[in-house]
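Peer 1: here is a sequence with its predicted model. Questions after.
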Amino acid sequence: MAKQDSSKTVFLALSVNFFIGLIKSFVAFITNSSAMFSEAVHSFVDSFNQFLLWFGIKQTKKSNPKLYPLGRGREEYFWTLVVAVLIFTVGGLVSLEHGIEALSHPKELDNLYISISILSISIILETYVLIKAVKKLRGNKEKKPILKLLKESNDGPLIAIVVEDFAATLGLIFALIGTLLTYFTNNSIYDALSSISIGILLMVSGIFLGYEMKHLITGETVNVDAYKIVENNLRTSGLFNPLDKKAFLQAPDIANLKPRFEDWNLIKAQALITGKVNYINDKLRVEFRLWDVLAAKEMMALAFTTVPTNWRRVGHIISDKVYERLTGEKGYFDT
């Protein structure tokens, strides 16, 4: 998924949510509806969240090799995690509190036909945005369910938009059902219950989004055995003897962490390659670092972004870089 596409989807969602939020706020004021108040809060929280997502996308495009030698691609995951926290706290807890307050102190609701009309129109608009976001998420993977696509995707902002718009659409349906029941029964308890339901929905959405971002921030690995290419190349050169993985005291997939050199010294390692492979916006990103175990210092740090089908060649390029750095001679594996 191209970043530009995600940025457009984020901007579309921001515009629609802010416009709907203004209308919901006015209707909530004239009707005293707790469900409509919750939906207004929901829309404004979503609008602010989508601004943060847009900001995160812009930040990832900035380059500063000295401060960020491996790039800033994961910064968008941080901002998406902030969005998850805001959905849970500002969106979920505020709606839940307001619904409980309305349940404890019922108010007479007015002009509910206006609420019903606005909620119906809002459902149509949110459904349109949701369909656009899901279409971007799905791409060419026509047969996969949405939940599986969300778990497989590494496009943080797009995941957030799909989760937010799904919650927004379902929340509007809750609000519409509560308003209709209140209108026909003249009992405001249904309005309060729908507000509570919206709050719980937002809290669950925030937890789900935060959980997915945790995997992306920590670097969810991809089933690409690039390390085997590097290992085999260096072994066949006759100059290196890769150690048995069973002897490892620390996993080598710690691309952004400093190794525990004392552990590697114990198993007689002289040099160490650490790395990580993951997807970012349908591109394969391979990060690796070369460490001098005896001197306890970093020798090299590089990252490559390529199409997923090119992972074997990246393994050969890494082999060349490591070979040249350790022997002083140019590598010959990427031929």
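Peer 2: Ah, there it is.

Peer 1: tell me which residue lies nearest the centroid of the chain.
Peer 2: Gly156 (2.7 Å; Cα atoms, centre = their mean).

Peer 1: count of residues packed around the nearest residue in space to that residue that is not next to it in sequence?
Peer 2: The shortest distance from Gly156 to any non-neighbouring residue, by Cβ to Cβ, 6 or more residues apart in numbering, is to Thr80 (3.8 Å). For every residue, glycine as well, the C-beta is placed using N, CA and C. Using other Cβ atoms under 10 Å, Thr80 has 27 neighbouring residues.

Peer 1: what's near enough to touch Thr80?
Peer 2: Leu53, Gly56, Gly156, Pro157, Ile159, Ala160, Leu209, Met213, Leu216 (Cβ atoms under 8 Å, 6 or more residues apart in numbering).

Peer 1: cutoff 7 Å now
Peer 2: Leu53, Gly56, Gly156, Pro157, Ile159, Ala160, Met213 (Cβ atoms under 7 Å, 6 or more residues apart in numbering).

Peer 1: separation between the residue nearest to the centre of the chain and Asn111?
Peer 2: The gap separating Gly156 from Asn111 is 40 Å, by Cβ to Cβ, to the nearest Å.

Peer 1: the residue nearest to the centre of the chain reaches Met213, doesn't it?
Peer 2: Yes - using Cβ atoms under 7 Å, Gly156 makes contact with Met213 at a distance of 6.3 Å.

Peer 1: neighbours of Asn186, how many?
Peer 2: By other Cβ under 10 Å, 10 other residues sit near Asn186.

Peer 1: kindly export the helix or strand where Val85 lies (C-alpha atoms) in CSV.
Peer 2: Val85 is located in helix 75-86, with elements delineated by DSSP states H and E. Taking Å, rounded to 0.1, in the frame of the first residue of the first chain, the C-alpha atoms of helix 75-86 are listed here in CSV:
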residue,chain,number,x,y,z
GLU,A,75,7.4,6.6,13.4
GLU,A,76,3.9,6.3,11.9
TYR,A,77,3.3,3.3,14.2
PHE,A,78,4.0,5.5,17.2
TRP,A,79,1.4,8.0,16.1
THR,A,80,-1.0,5.3,15.4
LEU,A,81,-0.5,3.9,18.9
VAL,A,82,-1.2,7.5,20.2
VAL,A,83,-4.5,7.3,18.2
ALA,A,84,-5.3,4.0,19.9
VAL,A,85,-4.8,5.5,23.3
LEU,A,86,-7.1,8.5,22.4
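
Peer 1: quick revisit: what touches both of Gly156 and Met213?
Peer 2: Common contacts of Gly156 and Met213 (Cβ under 7 Å, 6+ apart): Tyr77, Thr80.

Peer 1: who are the contact partners of Asp191?
Peer 2: Asp191 neighbours (Cβ under 7 Å, 6+ apart): Ser33, Ser34, Ala35, Ala102, Leu109, Gly178, Thr179, Thr182.

Peer 1: so who does His316 touch?
Peer 2: His316 neighbours (Cβ under 7 Å, 6+ apart): Ile229, Asn233, Phe333, Asp334.

Peer 1: and with 10 Å instead?
Peer 2: Residues counted as contacts of His316 (Cβ atoms under 10 Å, 6 or more residues apart in numbering) are Ala226, Ile229, Val230, Asn233, Gly331, Tyr332, Phe333, Asp334, Thr335.

Peer 1: distance to His316 added to those residues, as TSV?
Peer 2: Listed next are the contacts of His316 as TSV, based on distance: Cβ to Cβ, whole Å:
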residue	distance to His316
Ala226	9
Ile229	6
Val230	8
Asn233	7
Gly331	8
Tyr332	10
Phe333	4
Asp334	4
Thr335	8
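
Peer 1: keep only those of the residues you listed that are in helices.
Peer 2: Ala226, Ile229, Val230, Asn233 (DSSP state H).

Peer 1: hmm, the first one is touching Asn278, no?
Peer 2: It refers to Ala226. No - Ala226 is beyond contact range of Asn278, at 11.4 Å (criterion: Cβ atoms under 10 Å).

Peer 1: now do the shared contacts for those two.
Peer 2: Counting by Cβ under 10 Å, 6+ apart, the contacts common to Ala226 and Asn278 are Leu284, Val286.

Peer 1: of those two, which one has the most company?
Peer 2: Remark: of Ala226 and Asn278, Ala226 carries more neighbours, 24 against 21, as counted by other Cβ under 10 Å.

Peer 1: excluding its backbone neighbours, what's nearest the more buried one?
Peer 2: Setting aside the residues directly before and after it, Ala226 is nearest to Gly315 in space (Cβ to Cβ, 6+ apart), at 4.2 Å.

Peer 1: neighbours of the one you found, just the number please.
Peer 2: Using other Cβ under 10 Å, Gly315 has 25 neighbouring residues.

Peer 1: I'd assumed Ile273 was in contact with it.
Peer 2: No - Gly315 is not in contact with Ile273 according to Cβ under 10 Å; the separation is 11.2 Å.
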